[in-house]
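Peer 1: would you be able to build a 3D model of this:
(chains A and B)
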Amino acid sequence: MSRILVVDDEPPIARTVAANLRARGHEVTTVASGSAALSAVETGDPDCVVLDLGLPGLHGLEVLRRLRTWSSVPVVVLTATDAERDKVAAFELGADDYVTKPFGMAELLARIKVALRHGEQAKGVLARPHVVEAGDLRIDLDAKLVSRAGEPVHLTPIEWGLVEVLASNAGRLCTHRFLLERVWGPRYERESQYLRVYMANLRKKLDDPAAPSIILTEPGMGYRFVANEPAEQEVRS
Amino acid sequence: MHGPRTGLGYLIAVLGTGAATLGLLAVRPEVSKTNVVLTFLLVVVAAAATGGLGPGAVAAAAGFLAFDVLFLPPYRTLVVNDRQDYLSLGVYLLTAIVVSYLVSALERRRAQAERREQETRTLYELSTSLVAHGSLDDTLASVVRTVRSLFDLAGCSIVLPDGDGVRVAASDGETPTGLERILAPTAGSGIGGQLQPGQALTVPLRAGAEPVGALVVVAGGPDAPSFGEAERRLLATFANQAALAVEQGRQEDERARTRTLEEVDRLRTALLNSVSHDLRTPLASIKASASSLLDPEVHWSDRERREFLVTIDQEADRLTRLVHNLLDMSRIEANALDPRLEETSLAEIAGSVVRRVRASATQRIDVYVPDSVPPVVADPVLLEQVVGNLLDNAVRYAAGSAIAVVARQVADSVELRVIDHGPGIPEPERERVFDQFYRLKGGGRRPEGTGMGLSICRGIVAALRGNLRVETTPGGGATFVLTLPVAERPALEPDMPAAAGPREGSR
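Peer 2: Numbering: from 1, shown residues only, chains lettered A, B, ... in the order given. This is a model prediction of the structure:
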């Protein structure tokens, strides 16, 4: 299906991740160092990279920085520390998502799947979705309409902006910075309190604010929109 | 200025003139007037040089009278016959006064220069005492010692502010009471002039306008040289320099404290990161393997299932070792090791450890513990752990080379050497290998082990009152040397068979 590069210096982890990906029909290469990872991306042209940050020698963040100078391949970062700084740094350097060790295999596989889909959308292999569904929520991205259990939901322009960004990035983590920049503009990147206020209102309209299941908070990082599995709608261009 | 030298000058003026007069009288018929005048001038010069202008003038006057009365006819009157003699008298008097003035001025300048030189020397010696002596307290101690000895004082102290109060930072000799009030703004040295014996003087230390402390001196006894205006001025000049040194020292102390705190902080962060990484890594492998096995979507082959299970098993062992090590480490750090010291046979311990390690090691391990090696005082369980750690370490880092375990007695202790022929440990890292979480760096490859083994070994060995160090194996490699005290009681009867004989290398 897809070519995936796994970069981890811990052989048991690299082996296990590779076995799972192969079992799902992917073509997997594993390497144990940052420099090997860079040359493997160059020669192998993978569709997705799983990158451990705690590499000996060349640190994972540095690998990511160098990679982003010439490649836009989706990167899912593995991190053994829960240091917020590393995660935030990884996103600023252009990571697509992250998983904290220890992780359940299903979680990592789900993240890789989302990353692959976005990679394909970016390349134009896969059309951007016109409609995103989550629970009883239906978001028509073309018509700019939102309905809940068939009832139309009225949104302010800012709220619509947030929903649009979140839904079209369904499954991916949208960082505070990313949302602020896309919805309010580049000069509002640091105004996190705007975001909190609007997200609270949005949850009241679209989700269960007490136990959210559609717009999830990743503390300190951002929000993740959980959509229903999209119907296979590959439109080869 | 009246001093002993002035008195001496007058004495020379009077006695010198007298002696010259008597001497010249004895040869009056033969001596010329010129020689008489020159002799008296000599006395004037001597008196002026010794005592200054006053004695010079007295000598000149006395010489004038003696010359007129005794050496210019008619004798014994002030009257003279020859009118030319008036000229001689006038010239003599004028010359004598000018000479005594010049000589005394010269002498005064010389004395001044000498005093200035003395002051400069004193100031220099005081400044020398300020030159970095390491810590601020050492510098201050050297300052008070120097001040006291240079001014011959009964005591000298330096008082610095300390919180709300003050503290005596350095002191030599007598310390006056009531130092607490010394830094109060009203306190000052109101007393002027000569300092009486036992009297105290406070000289403020100011860096800029800021008072940073005070120098307190107590004048010496009656025998000590006086402590007057000049000394006061000198001390005040010096106090300015000392204040700068105090200020500098205080800043340096503060910087050093900050650096230490930063270092501790950095180490703590590094330690936490290391533990966090080391705990999460095996957990991540276990979790990843277990969740793979539980995945209902994939049907794993038997070989794949077995691989996951092996990973879970091995990584659980790794986690167990790590948790054990962490617990040992906290026990050592909490001083809660509580060793049960008893007579322990090194041969037995080495034998059992080597048996265990050989089971998994691929290289040759030789053991040589002769019968002549007496038992040591140790906790057998802890000792086994130490020897085991050392041997595991050798197996891990010696890159397949042969390993030897050798024991011998050295005076009152027994040395156990674990010798490998691997890459060895570079000199600068020799001591650091015993640091917590220190791992030798090996060309980009992730170091194995927990980085705690050697640190734990050293902790245990210290609790066993022994010593653990590392040397270079002749020809390359590392040799860990464990030293333990010999058990006091004589070991076994010499003719009894030893529990463990020498184990020559096998395998």
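
Peer 1: tell me the secondary structure at residue 9.
Peer 2: In the absence of a named chain, this looks at chain A. What DSSP: H, G, I helix; E, B strand; the rest coil gives for A:Asp9 is coil.

Peer 1: centroid-nearest residue for chain A?
Peer 2: The centre of chain A sits closest to A:Arg172, judged by Cα atoms, centre = their mean, with a distance of 2.8 Å.

Peer 1: that one touches A:Arg224, doesn't it?
Peer 2: Yes - judged on Cβ atoms under 8 Å, A:Arg172 makes contact with A:Arg224 at a distance of 6.9 Å. Glycine gets a C-beta too; all of them are placed from N, C-alpha and C.

Peer 1: which residues sit against stretch B:152-172?
Peer 2: With Cβ atoms under 8 Å, 6 or more residues apart in numbering or on different chains as the test, stretch B:152-172 has contacts from B:136-137, B:140-141, B:143-145, B:147-148, B:173-176, B:179-180, B:182-183, B:197-198, B:205, B:212-221, B:224-225, B:227, B:242, B:246.

Peer 1: contact partners for B:Glu297?
Peer 2: A:Arg24.

Peer 1: if I look at it, how far off is A:Arg24?
Peer 2: 8 Å (Cβ to Cβ, to the nearest Å).

Peer 1: what's the answer for A:Pro12, then?
Peer 2: For A:Pro12, the distance to A:Arg24 - Cβ to Cβ - is 19 Å.

Peer 1: who has more neighbours, those two?
Peer 2: Applying other Cβ atoms under 10 Å in any protein chain shown to A:Pro12 and A:Arg24 shows that A:Pro12 carries more neighbours, namely 23 against 16.

Peer 1: so the more buried one is in which element?
Peer 2: helix A:11-23 (DSSP states H and E).

Peer 1: ditto for B:Val45
Peer 2: Applying DSSP H and E, one finds B:Val45 within helix B:33-51.

Peer 1: elements contacting that helix?
Peer 2: helix B:4-26, helix B:53-66, helix B:83-128 (3 or more Cβ pairs under 8 Å, 6 or more residues apart in numbering or on different chains; DSSP states H and E).

Peer 1: ok, B:Ser129 touching B:Ser142?
Peer 2: Yes - counting by Cβ under 8 Å, B:Ser129 touches B:Ser142, with 4.5 Å between them.

Peer 1: neighbour count winner among the two?
Peer 2: Neighbours per residue (other Cβ under 10 Å) separate B:Ser129 from B:Ser142, with B:Ser129 holding more: 22 against 17.

Peer 1: tell me the confidence at the more buried one?
Peer 2: On pLDDT, B:Ser129 comes in at 74.

Peer 1: OK, contacts around residue 60?
Peer 2: Reading this off chain A. A:Gly60 touches A:Val7, A:Gly34, A:Leu51, A:Asp52, A:Leu53, A:Gly54, A:Val77, A:Thr79, A:Ala90, counting by Cβ under 8 Å, 6+ apart.

Peer 1: please go with chain B instead
Peer 2: So B:Ala60 contacts B:Val44, B:Leu93, B:Ala96, B:Ile97, B:Ser100 (Cβ under 8 Å, 6+ apart).
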